[in-house]
Structure formats: structure tokens, C-alpha cells
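S.K.: My questions concern the predicted model and sequence given below.
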Amino acid sequence: MSSECLGDFLRITLTAEYFDDKHLSLFVVDRAGTAWELDEAMAAQCGYTVTYTTCRNIQLRASALSCHSHLEKDVFTVTVQIKASHTPDMSNATYHLKSASCHYGLWSPREIKCENNYMEAEAEETSIWQIVFHQPEEKRALLVSNAWSAGYGLNASDSRVLLRVPYTAAQVQLVEVGVLLLAPQAARLCKTNQILSLQDQGINFSVLRSSVFYKYQWVILMVDTAVACPVGGVDYTNKTITWTVPKYIPPLSAGMTSLKDVLVEAGVDLHKLSAKEMASRKYVLLNELTTITMKIPIGAEGGYYKTSVSSGQLGIKYTINLFLEHQWEDNKWGLTKHTIIKEIETPFEQAEVVITNNLNLSAGLMNITVGTFLPDAELVNLTIEGVVVAVPEAVQHGYLIQRARYANGSKAYVLQVPLDAPSVKKEYMGEDMRAYTLNVTLTFITYPSSETFVVPVVALSAVKDAVLPSATGFCDGRNLHLIITRGNVDQNWLPFISDWHLTQEAAQKYNYILRDNGTHLAISVPFLSPHVSYEGFHTSAIKASFYLTLKDDITLAQRRDFSVSCLFSPSELIQCLPNGTVIITAIKLVGGEDLDTALLVLRDRQCKPSLVTERTATFKFNVNTCGTSRKFNSTTVTYENEVLYSRPGDDIPIYQLKFLCLYAVEQTADIPYESKKNPPPSIQPGSGCLALSLKLFKEKSYSEPYQESEYPVVKYLREALYFEVELLQPKDARLDLNLHDCWATNSQSQDSLPQWQILIHGCENNKDSYKTVFHEVSYSVRVKFPQHLKRFEVRMFTFVQGTSLLQEQLYFHCSVVICNTRQQPLDLFCPRRCNPGKHRFGECTNF
């Protein structure tokens, strides 16, 4: 703490370095040692003013006749006590005592002081009895004790009486005082010291008209204690503050008939300035006939800028604490000294915050400088990805915050953020560039007003460090494999096949294998797949290609293309079975997009494909059908056919795929024969290996059955159950599996009760609320003989006894009929009319 004597005032300064982070209470100590807490009301009543400087120091100004000051001869002493604590409840507080004394000069018969928070009127007296307030509508008299209770300050020394009035007192009036115009006649009146009465534009004054009564011997005397202080008169034009004070103020000049200027002085912070000092600061002081005017350039020495916030926007205001002393002589009081302390603050001016991003690539840091800011603004927290973080905790998020101070007292904040911090967003810009974006919001608070404002910081740095994904591809006998090694830009890129998003569910639908461990993305697709392109067909090889694209997960912009191409043997397209069955798959080549695979035929145009996809058509036929030709030599029999496609109305094929099947001939003999009527076929008993399975699958795709370890399977009512019945042995293309009866029981015994029929003679149960649904079985890599499988779908149910549900396990059973597709049946078991697909005719066996 430090102190300074300034005429009739004492100023005590508390430095921010010590008190900045503490909660304070100020007290004034009287001669008896009692400490009186200083709040706003007491300060205005007792002659104290508390202000803050641009450096956030606290200043306490005390009037010479303030409450609890000690007057002795020409010295007044003020003692203050400061209570400081780190917590708002002021616990564990420390106390600091400061006593200071100042000399005061000779008193004028009347003195008027205008402080920022109170007005003072002083005059000679002995003992105050009562005070009378003069208001337009009435006069009100108060005893000293009552006036004190009403917030007025009354003090008396051996020779002085003092009335101190807060600006907020009830009897204070706002009066407009005019500035006199200097008409020729008015000028002549002034030369004769006559008071002018012509008024122009008004300047507002806070005015209190009052009289103090006191006793002198046996006589009661009255003293005029009117006081008037300007609250207006300030104008801001052309970057200049203009402060005008009228010389003749009616409340103070009542009863006068003559007035003469004695002295006009001005300064800053109660320091009087000489004419030379004012000129060096470009101040202008004009002592004119009717007014005193000060002109101060905004930003001039002696004032300071402070931070201001308006509607959340950051701005600045220029503040200067001017001081004006006007002394005059008149025929009523003799000498009057009018002292005005005027804190002037310019209007709000919005300020822009400059943000500079200096990338330190070698250290991997973003160095972001925010500001400059005035000393009264302080960074308190950051908002990082929606989370508010106090400045001391920011280091835990990878943020290092430093304060840079400049010679003029201003400061800036430097944020050092690693490029790999989680809050720094990375985005691929193209080629080998990545954009690093930091988006953080800084929150500031101003002192002492405690206003807050925010500064959004968005910093972008382009760095040449992008690592793009790369790929390797290979093929085995039946599959194409593509392995993508991820870079540092594709964490959110999605795999697409053309416009089809490749997910795990989508891959399973086509029996693709998709694996992603974060560093590598691997996909395997079979040679005969809907998304494989066939680009070349030769007798020795087929060129098959698989294309994959990585796209942006938000914009779906195409980022990177990969492909794998391999040569496959044409034998992958054809199966020549020992029983004379041929399975041939025709493929659509690149460039033949208008070819409809469903319209492909064999030489016998009645032979159409049994399985069609967008890119393939599969035929299954016997070598003795569909126009197949044959050639013999000593060791082999060669069967030849071709797949053809012609445009409608044109017999010339535009697609022609020839294929051969060669069968070895061990011995050739000429056998005479004659046509005879064959006897009716009959069933002959025999022995052999017959294997059947009934499986429950997890999904409609029938790609993954439940394993034995997963039973019993828990299902909800009405949830779909996907069953598959398969003939495992023998692998004979002549056999056709058909469903006969299927039913459910609540025990393992197929004959136990209760029972519910699901299929009856291969058909759905018409009594079912939810009918059984049959699903077609097509040829695939897993399914070589579609006629050996039957699939159906049942809705989950439970047995009911009366009105109670039997919460027991369900067991499903099926009986099947196996038919010979090459012979006419002799009984009613074959064909099976309710199974999907073509109906088969031939031998049948009941199991």
C-alpha cells in the first residue's frame, strides 16, 4: 500500500499484485480504534471514494473532513484497515493497517466539492442545530440526527460546518443550468460585473438547496449550504472530449450582485497541470466569459482505456479522471472555491480481436496468438468440444497457455496445441495435404465490472503429411482378395462397390468376407460373384476384376479407387458330372452391359438358364439334350454346346460361348439292340448310406446355422424361425428331396402330446394363423444340388393349456420323401405339389 496527499484529499493505493486474487473488505478506523466497514452508502455519506486503475490497483480517496478522520491544527489523519481472504466467506483472513496524514491549506469562506459519488458544501460555523432543505413545493427541516439517518453527512470542526450529500439523496434535484450567450448587451453587463440572465443550451446539475441553522451565543444564525455539481456537459466529437462547465450556477450565485474570477486551474487525478504540461498532452483549457471548457484528445496521456462489453461484444472505452478548480469572489461570500472531480468515459467502441496462427511443424505444435487485450481482461476458461475447462486444467487436454505482456501494459494469450491433440480435427485436402483445424472458445472476464465475453478461435493449418491408403491384391483358385492398408486420412472413409455401401451385413448377403481391424481392410469375393467384372475371355483364361472405392463418410465424395484383377481357368465355369449332367455358367463381359442374361439360351433355344443374376446365367442339362453334339475318338467322348444371345428379331448371335465336356472311354463295343416295351418300373429293396439333417438358421440368408453349443435357442413369440432340411448322402443328382410332414412337440419324443402340425403332406397347415413360408433354394458355392435342400419359415409359438401358457421347450420334427427325377412315380408320394420350384417325377421312398 502507498499514500499520496492531493490538496484536501488523501489517496491510498492497494497494488493488484498482492490483492488481485483475494476477496477484500475495507474499513475506516476512528480515534477510539473502532473499525467501520466501508460500503457504498457509507462512502458517499462519509467522504470516501473507491476506484480502480487501469492496472487493476484499488484506490481509496478520503476528504480532509471525512468521517473518522483526525484533525489537528493543519493536519488530517486517516487510518484504514484491509481484510483479505482467498475465500468469499472471508475465512482465514489477513488484516492490513495503513495510517497516513496530510496537510491542508487555508480554508475559503465557502468551498464546494464535487466527487464522483458525493457533493460537499463547507462554510464557517460553531454548533449545528438543524438543517432546512429548500424544494420547489416545500421546505423541510431536519435535526442533525435525523439528517444523518437519512444518509447526509454532517461534520463540524472548530470553525467549519460541512454538509455532504450523496447524489442519490431524496432531496437532490436535477436542474438544467443554461450557458449564457454573449450578445453585445450581455457583454456590456459582464463588464460591470452584473449577473447575466440570458440562458442557452442547458447542462444538467445535481443540486441541493439547503440552509444550516446554528447557535451563536444567544442568537440563532443561518448559513446557506447549497451545493451544485455538474452531471452533464460532456460531448464527444472528432476524437475529442469536450467538457463545458458554466461559471454562473444559479443555486450557488443566489443573492449575489457581483462576481469576479480569481483562479481557474485543471488537471488529472487531482494533480494540477501547468499550461506547458497541458500543451504537451494537447489538452486545451478555455476560460471564457461565461464558461470554462476543457478539450482532451481521446487516448491522450493521463487517461486510460478499459475493456467494455455490450450485448456480448468486446469493446473499449477511454476513461480520464479530470479535475477542475474554479475560485471566484462575490459580494455575498467573499471567496468561493468550487472543486469538481469528473470521471469521463467515452461511448462504447467495438474492438476486433486479432488471431495469429504460427505453425511450428518441427515441434508438431499450433502456436495461436489471441489478442491484444487490456490489463483489466483475464482469460478464465476454454470450451473444448463442448466441455468448459478452466485455464489451469487446460494442460490436461494438451493445451499450454502462456500470457505475453507488452510494454504498454497490454497482453496477449498464446495457445500451444499439439497437432495430434484429440480436439484438433484432421481433414484430407487432396494429394498429400491435410488440414488441421482447432475450434475452441475462450471466455474472458473484466475487472472490476465482472463482465464476460467470448472469443471464438478457429485456426487452420495445412500440413504436407497425408498418407493415403494403399492396397495389394491376389487370387486363389476360387476367390479374389483385396487388402487395403489404411493411411492417416481415411479413418472415416467408407468402402463402396459402385454406389453400394459395403457393410458386414451386405457382405454376408453375398457370402463375401469383410474384415477391418483399424489398420487394414480386407475383402474376399468369390470368382462367380455379382460384383466381379469379366473383362476378357480366352480359351486359356478369363480375366476377372473386382473394384472397390473409398468414399467420404459425410459428403460421399470419391476419395480412392482400388482394384484387383486375376486370370481364372475357364474350367471354373463348367462342371461335367459323371452322370452326364453339365452345369455351365455364362458370364457377361465388360462392354456388354445391354445383354440380358435371362435371355441366354443353348443351341436348343428351349433350354434356358436355371439360375440368373445380373452378370451370370447358369444352365444345368444332360449331355444328351439341348442340342449337344458329340465326337468320339479312341480314348474320349467329347460333348459340345454353346450359350447364345441374339437381340430380339435377329437370329445372328452377338454372344457365343462354346464349351466342351470330355469323358474317358475305357472300351468301345458295337451292341445290337431292338426296341421293346419296357416293363413297369418297380421299387426294389436295397441297402446304402442315407444321411439327412434338419437345421435352424439365424437369418433369412441361410448363411449361418445355430451350433449345437447354442441350443436351446431362445426366441420371442411370432419371431421367425428359419429351417433347412438337407439330403447329405448320397450326392446323386437324380434324387429330389421333398418335405412330407413337419410338426412340433414339447418333448424330444416325436410321438408325444401335445403336437401341432406345421406341414401336412408337404403343404402348409390351413389352421395356422401365420402360414408356413417356403424359400427357394438356388445353386451357389455351398449348394451344389439345390434339389437336395428344402427351406421354410415358421413363426414362433407356444402351447396353451386352458388359459395358461406352457413355458416349455419346443422340438421340431420332419418326415421327407426322396423321389427319383428320371422315372414316373407309382404312388401318390411323388411328385410333391406344395414344395417350391419345378415338380419332380420318379421313384419315391418314405422315411
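M.R.: Structure's in. What do you need?

S.K.: only C-alpha atoms for contact and neighbour calcs from this point on.
M.R.: Fine.

S.K.: Please enumerate the helices of this protein.
M.R.: Secondary structure of the chain by DSSP state H: the helices cover 16-19, 40-46, 144-149, 184-191, 250-253, 275-280, 504-509.

S.K.: name the helices or strands packed onto the third one?
M.R.: Going back to what we said before, that points to helix 144-149. Counting contacts by 3 or more C-alpha pairs under 8 Å, 6 or more residues apart in numbering; DSSP states H and E, helix 144-149 packs against strand 127-134, strand 153-156.

S.K.: ok, the shortest one: who's next to it in the sheet?
M.R.: As defined by DSSP bridges, the strand partners of strand 153-156 come to strand 160-166 (antiparallel).

S.K.: Now do the strand it pairs with: distance to the chain's middle.
M.R.: 59 Å (C-alpha atoms, centre = their mean, to the nearest Å).

S.K.: what's the answer for stretch 258-273, then?
M.R.: 59 Å.

S.K.: neighbouring contacts of it?
M.R.: With C-alpha atoms under 8 Å, 6 or more residues apart in numbering as the test, stretch 258-273 has contacts from 6, 193-195, 285, 287, 302, 320-331, 341.

S.K.: just to revisit the earlier point, please name whichever of the helices of the chain is nearest to residue 519.
M.R.: Nearest of the helices of the chain to residue 519, taken as C-alpha to C-alpha: helix 504-509 at 16.9 Å.

S.K.: Need the winner for burial among the helices of the chain.
M.R.: Sort the helices of the chain by mean neighbour count, taking mean count of other C-alpha atoms under 10 Å, and helix 40-46 sits at the top with a mean of 21.

S.K.: Tell me the buried residues in stretch 390-397?
M.R.: 391, 394 (16 or more other C-alpha atoms under 10 Å).

S.K.: for the record, mean pLDDT for that stretch?
M.R.: Stretch 390-397 comes out with an average pLDDT of 91.

S.K.: Now tell me what touches that stretch from outside.
M.R.: Residues contacting stretch 390-397 (C-alpha under 8 Å, 6+ apart): 379, 380, 381, 382, 400, 401, 421.

S.K.: so which of those residues is the most crowded?
M.R.: Within the contacts of stretch 390-397, residue 382 tops the neighbour count with 23 neighbours, counted by other C-alpha atoms under 10 Å.

S.K.: so that residue bridges to which residues?
M.R.: Beta-bridge pairing for residue 382 (DSSP bridges): residue 389, residue 442.

S.K.: just checking, it touches residue 443?
M.R.: Yes. Taking C-alpha atoms under 8 Å as the definition, residue 382 is a contact partner of residue 443 at 6.1 Å.

S.K.: Sketch out the low-pLDDT regions of the stretch 1-150 of the chain for me.
M.R.: Residues of the stretch 1-150 of the chain meeting the criterion pLDDT under 70: 124-139.

S.K.: And for the stretch 601-750 of the chain?
M.R.: Across the stretch 601-750 of the chain, residues meeting the criterion (pLDDT under 70) sit at 666-686.

S.K.: All the strands of it, in order from the start?
M.R.: Shown for the stretch 601-750 of the chain, the strands assigned by DSSP state E, counting those that start in this stretch span residues 611-612, 616-622, 629-632, 636-645, 655-664, 691-697, 720-729, 735-745.

S.K.: elements contacting the last one?
M.R.: I take that to be strand 735-745. Strand 735-745 packs on strand 755-760, strand 789-795, strand 811-820, going by 3+ C-alpha pairs under 8 Å, 6+ apart.

S.K.: hmm, try it at 6 Å
M.R.: If you count contacts as 3 or more C-alpha pairs under 6 Å, 6 or more residues apart in numbering; DSSP states H and E, strand 735-745 packs onto strand 755-760, strand 811-820.

S.K.: What residues sit buried inside the first one?
M.R.: Taking 16+ other C-alpha under 10 Å as the neighbour-count basis, strand 755-760 is seen to contain the buried residues 755, 756, 757, 758, 759.

S.K.: I'd assumed residue 743 was in contact with the fourth one.
M.R.: Okay, so that is residue 758. Yes. Counting by C-alpha atoms under 6 Å, residue 758 does reach residue 743; the two are 5.0 Å apart.

S.K.: Skipping adjacent residues, who's closest to residue 541 in space?
M.R.: residue 569 (4.8 Å; C-alpha to C-alpha, 6 or more residues apart in numbering).

S.K.: can you check residue 4 too?
M.R.: Spatial nearest neighbour of residue 4, excluding adjacent residues (C-alpha to C-alpha, 6+ apart): residue 11 at 5.1 Å.

S.K.: OK, contacts around that neighbour?
M.R.: By C-alpha atoms under 6 Å, 6 or more residues apart in numbering, the contact set of residue 11 is 3, 4, 60, 61.

S.K.: and if you look at residue 513?
M.R.: Listed by C-alpha under 6 Å, 6+ apart, the contact partners of residue 513 are 523, 524.

S.K.: State the distance from it to residue 479.
M.R.: 10 Å (C-alpha to C-alpha, to the nearest Å).

S.K.: Equivalent analysis for residue 257, please.
M.R.: According to C-alpha to C-alpha, residue 257 and residue 479 sit 118 Å apart.

S.K.: out of these two, which sits in the busier spot?
M.R.: Between residue 257 and residue 479, residue 479 has the larger neighbour count (other C-alpha under 10 Å), namely 16 against 12.

S.K.: The more buried one pairs with what?
M.R.: In beta-bridge terms (that is, DSSP bridges), residue 479 pairs with residue 526.
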